[in-house]
Every structure is written in structure tokens, then in C-alpha cells.
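Asker: just coords:
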């Protein structure tokens, strides 16, 4: 009896049906990140605003979507809401669920980035009469963004793998298509090994991209380590 | 006449009348009255927590005063954005921690405000910035980032950056307190240069040598109140209050 069939593994690895699933996984992730960033920024700004109802709404939003499993959110959106006459397609449901969920996490990451920008930066900008919108786009946001990148990268990594949950509402991404392939010949290890390789590959590509992003934004803060050490004040 | 237009007869650069500022239960400023004439150089000193920083931070509304009246070059400072903006355009501020924008080069630091608030073109803003960087003797560093400069150099850039907005009054909030001792002098020299050009200056500092040499008047604060004002010579040789005498004993070794 054979335990692992390498030939079958490679067959699955280059299987067009599975590759189609990879494309769907990437699509869900990208849409989830972009949508999550836009909505997350809005939620974060609401949360930080002086307007009490807005900040309370944002707080409740984050509490709710971080406090319930994504799996339940997806199932409710796809199979529960139609009971109320609200219907979305399979992909639509998955996208809505992923974006709403991701936005809650990203809102907190964005907020923490803004809070970590020293108050003195805004004070200096105020003292210079720099207009509010310019302060936001040119002074606060770039500095907050640099601080957001590591936790943001983490969140994208999680989301990439969380797209596999969409398989339960029959979105044909990597996980779902692996399940379908598995049921043909029950070569369980071979199929999921191929799926695993794809997840690792996608995550690695993202890691590389994140590193480049970090390096790009680090450059102004530390041209080189020597300069930083030489200029650091004894405290 | 609207309250936002400057009074023609106004000769004070800064006028504070019965100004109060509280942080919770703590009275940071109590019944502060202060008049600063145009061109006058004031050094504000006092023990830590006496309200010196709060005093000058109220003048350009970085801190909002709770009660009392503040006039800057005749403009009354009210909490409305318009009024605040008018006052801030009259004033420049230099902070203890420099507060340069770390993600921008020295030159970019200097042109952001003139371009966004004065509507200057990039060329014009850069010309103005380079002239002022030249004046603080740091023009050769214009393309560098703040982190690549020493503390003294950063603070001189911060002074040039403030001057790029062509303020009539300069506020200094402990500008040398975060510097290594060997860098204090270059910043003080830059400030002396400004003083010699007739700039109205309010400076919170513990540099008594600077105070003696440059100040027209010393304002001594304790527990949120101005308790003594005098010419430097009189203040240092014959302080009127026990508190000031004690303070001078502590800082002059």
C-alpha cells in the first residue's frame, strides 16, 4: 500500500482546475484588502472623530465584526439574509463578508498608526498654519502609514488564508476546488499538499512585497543604521 | 469695526489679560496679565510646572485658554478657526523636541507651509527657504533628512522653517533643553542673530546667560502666575520675591 503518490501530487499542483481556484483566492484577497482599506479608513476616521455618534458607531462596528467568526458572517450573509429578502450571489456574499470583516481589523490598525504619530508633529504643523487637509495627507498619514505596514502585512496574510472559509458557501477558491478534486480519487494528502504549496507561495509573494514596502518607507527615517546610532541623543 | 481686524492704535505684539488655563483640577495659568511691545525680547523662566510653556503655547492656540483675553498684533484670539489662523500667521514657534517632519527632507520641511498656506509656487518657496537656511548656516544640508542632522542642526532648521512663514513674533519653547551641551551655543547664536534684527521674541529657557545678554525683560512664573517682571540686571542681582531668589540659587552654580 502506498502512502504518498508524488506523481499525483505534481498532477494536482499543475491542475488547471486548481489553478483556477488560485486565481479566485487571489481575487478575493485583493478585493478584500482594497475594500477593507477604504472602509477601514472610514471607520477609523469615524472612531477618531470628535463627533460622538460617529465614534460610537465605529466602536460598535469594530466590536461586532471582530467579535463574531468570519464563518458565521459568511453563512449568514449567503444563506441567512435571503430569509429577509436580501440576496447576494456566491462571490458577492464572500466579498461583502471578507470586506466587512477585514475593515474591522484594518480600522484598528489604521487608528493605532495615527495614534502613534507624536502629537508634536501636528503641533508644529498647526504653528506653521498648514491647512488641515494638508496636515492629514502630507504630515500625519505618511508617518502613520509607515507604522501601519507590519500589522497591515499580518492582516493581509490572515485574510489570504481566511478566504478558504468562503468554500463553505461554495466559492470555488483553492480550498473548495481541492475538496472537489479530493472526492474524485480520495488522494487526500496529494491534493491538500498541492493546495498548501499554493498558499505558501502566495503568502511568500506577499511577504516580499511587504518587505519592499517597509524598506521604501524606512528610508527617510533611517538612511543607514550608523547615522541613526551616531545621532541618537543619550537620554 | 469687526473684532477680527487689527486695532490701528495697537502697539503691543502680545497682550494677555486675566488669562486662565486649567488641566482638570490643575491651574496651569492663573490671572496672567502680560504685555509685550513690538520688537521686545522676553525671557520666561521659572521652576518646572510653573506654566511657562503653557503661557507661550496659549499665544498661538496650541493650547486653548479657558478664560481671559489674548491679542496678538491686535488680533483677538478666539477659538474660531479663522481667528486662530490669523494669529498663527503672525507667530512662529520653535519646540523643545524640534518637531521636524521626519519623512521629508530639510528643504521639503521648509516649503510645505509656504506652499500650502501662503500659496507660493515651488520655485518661490524654495528660494525663500534656501535664503533662510543660508542664514542659519545649514543650506548645504537641504537635501538631507532630519535624522541625518545633529540636534543643534535640526533646531536651526526648525528656526528657519518657522521663519519661512515670515512671522512677526517668534515663540521659543525651551529650544535648547533637548540638546547636547556642545550644541546649545550654535542655537543660541542663531537666536541672538534674530534678536539683533529686531524680531519680537518670547523665549522659555533656562539659559540665563542668554537671558542676561539678549532679554529686554525677564518674566518669572510660579504656580501658573507671573510673580515678577524685571530687566535682566535687576532680576539677577536683586530679585524681589523669595521664590525667584530661591530659583536663582538653584540654577546658578
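Answerer: In hand now; what should we look at? What you see is a predicted model; the values in this text were computed from it and never measured. Residues are numbered from 1 along each chain as shown, chains lettered A, B, ... in the order given.
Asker: helices of the stretch 51-200 of chain B, start to end?
Answerer: Along the stretch 51-200 of chain B, counting by DSSP state H, counting those that start in this stretch, helices occupy B:52-59, B:81-90, B:106-117, B:122-135, B:151-163, B:181-196.
Asker: can you say which of those is nearest to chain A?
Answerer: helix B:106-117 (3.8 Å; Cβ to the nearest Cβ). Backbone N, C-alpha and C define where each C-beta goes, glycine included.
Asker: okay, now the unreliable bits of chain B?
Answerer: Along chain B, segments meeting pLDDT under 70 span B:1-10, B:253.
Asker: which bits of it sit near chain A?
Answerer: Within chain B, the residues that sit near chain A (Cβ under 8 Å from any Cβ of the partner chain) are B:60-62, B:85, B:88-89, B:91-93, B:95, B:97, B:99-104, B:112-113, B:116-117, B:145, B:147-151, B:158, B:161-162, B:165, B:171, B:178, B:180.
Asker: go with 7 Å
Answerer: B:60, B:62, B:85, B:88-89, B:93, B:95, B:97, B:99, B:101-103, B:112-113, B:116-117, B:145, B:147-148, B:150-151, B:165, B:178, B:180 (Cβ under 7 Å from any Cβ of the partner chain).
Asker: what about burial for the residues you listed, which qualify?
Answerer: Buried members of the residues of chain B next to chain A, scored by 16 or more other Cβ atoms under 10 Å in any protein chain shown, are B:60, B:62, B:88-89, B:93, B:95, B:97, B:99, B:101-103, B:112-113, B:116-117, B:145, B:147-148, B:150-151, B:165, B:178.
Asker: packing partners for the strand or helix carrying residue A:112?
Answerer: Counting by DSSP states H and E, the element that carries residue A:112 is helix A:90-116. Applying 3 or more Cβ pairs under 7 Å, 6 or more residues apart in numbering or on different chains; DSSP states H and E, one finds that helix A:90-116 makes contact with helix A:16-48, helix A:52-67, helix A:70-75, helix A:141-162.
Asker: quick revisit: quick one, which of the helices of the stretch 51-200 of chain B is nearest to residue A:112?
Answerer: Nearest to residue A:112, of all the helices of the stretch 51-200 of chain B, is helix B:106-117, at 25.2 Å by Cβ to Cβ.
Asker: what's the weakest-modelled helix or strand in chain A?
Answerer: helix A:225-231 (a mean of 47; mean pLDDT, DSSP states H and E).
Asker: ok, now which ones touch residue B:20?
Answerer: B:29-31, B:65-68 (Cβ atoms under 7 Å, 6 or more residues apart in numbering or on different chains).
Asker: from those, which would you call buried?
Answerer: The neighbour-count test (16+ other Cβ under 10 Å) marks B:29-30, B:65, B:68 as buried among the contacts of residue B:20.
Asker: and the two most separated of those residues?
Answerer: Of all pairs drawn from the buried ones among the contacts of residue B:20, the greatest distance, 11.4 Å, lies between B:30 and B:65 (Cβ to Cβ).
Asker: name the nearest residue to residue 107, sequence neighbours excluded.
Answerer: Here I'm looking at chain A. Leaving aside its sequence neighbours, residue A:107 sits nearest to residue A:43 (Cβ to Cβ, 6 or more residues apart in numbering or on different chains; 3.8 Å).
Asker: was after chain B, sorry
Answerer: Counting by Cβ to Cβ, 6+ apart, residue B:107 lies nearest to residue B:142, which is 4.3 Å off, once chain neighbours are set aside.
Asker: make JSON lines out of the contacts of residue B:20 and add distance to residue A:214.
Answerer: Converted to JSON lines, the contacts of residue B:20 look like this (distance: Cβ to Cβ, whole Å):
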{"residue": "B:29", "distance to residue A:214": "44"}
{"residue": "B:30", "distance to residue A:214": "49"}
{"residue": "B:31", "distance to residue A:214": "52"}
{"residue": "B:65", "distance to residue A:214": "43"}
{"residue": "B:66", "distance to residue A:214": "44"}
{"residue": "B:67", "distance to residue A:214": "48"}
{"residue": "B:68", "distance to residue A:214": "49"}
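Asker: which one of those residues is nearest to residue A:167?
Answerer: residue B:66 (59.9 Å).
Asker: phi, psi of the closest residue to the closest one other than its chain neighbours?
Answerer: Nearest residue to residue B:66 in three dimensions, chain neighbours excluded: residue B:20, at 5.0 Å (Cβ to Cβ, 6+ apart). Backbone torsions of residue B:20, given as degrees, to the nearest 10, read phi -120, psi 140.
Asker: for the one 10 residues further on, same thing?
Answerer: As for residue B:30, its main-chain torsions (degrees, to the nearest 10) stand at phi -130, psi 120.
Asker: residues in contact with residue A:165?
Answerer: Counting by Cβ under 7 Å, 6+ apart, residue A:165 has contacts A:70-71, A:74.
Asker: show me the residue at the heart of chain A, geometrically.
Answerer: Central residue of chain A (Cα atoms, centre = their mean): residue A:156, 3.0 Å from the mean position.
Asker: tell me the pLDDT at it?
Answerer: pLDDT for residue A:156: 96.
Asker: looks like it contacts residue A:32 (just checking).
Answerer: No: Residue A:156 lies out of contact with residue A:32 (Cβ atoms under 7 Å); the separation is 8.6 Å.
Asker: pLDDT below threshold where in chain A?
Answerer: Chain A contains residues with pLDDT under 70 at A:1-2, A:219-235.
Asker: go again with 50.
Answerer: Along chain A, the parts satisfying pLDDT under 50 run over A:223-235.
Asker: residue contacts, residue A:129?
Answerer: B:85, B:88-89, B:113, B:117, B:165.
Asker: doesn't it belong to a helix?
Answerer: No: assigned with DSSP: H, G, I helix; E, B strand; the rest coil, residue A:129 falls outside any helix and is coil.
Asker: where's it relative to residue A:135, distance?
Answerer: Distance from residue A:129 to residue A:135, counting by Cβ to Cβ, to the nearest Å: 10 Å.
Asker: now residue B:85
Answerer: 13 Å.
Asker: likewise residue A:204?
Answerer: Distance of residue A:204 to residue A:135, computed by Cβ to Cβ: 38 Å.
Asker: pick out whichever of these two has more residues nearby.
Answerer: For residue A:204 versus residue A:135, the count of surrounding residues by other Cβ atoms under 10 Å in any protein chain shown is larger for residue A:135: 19 against 10.
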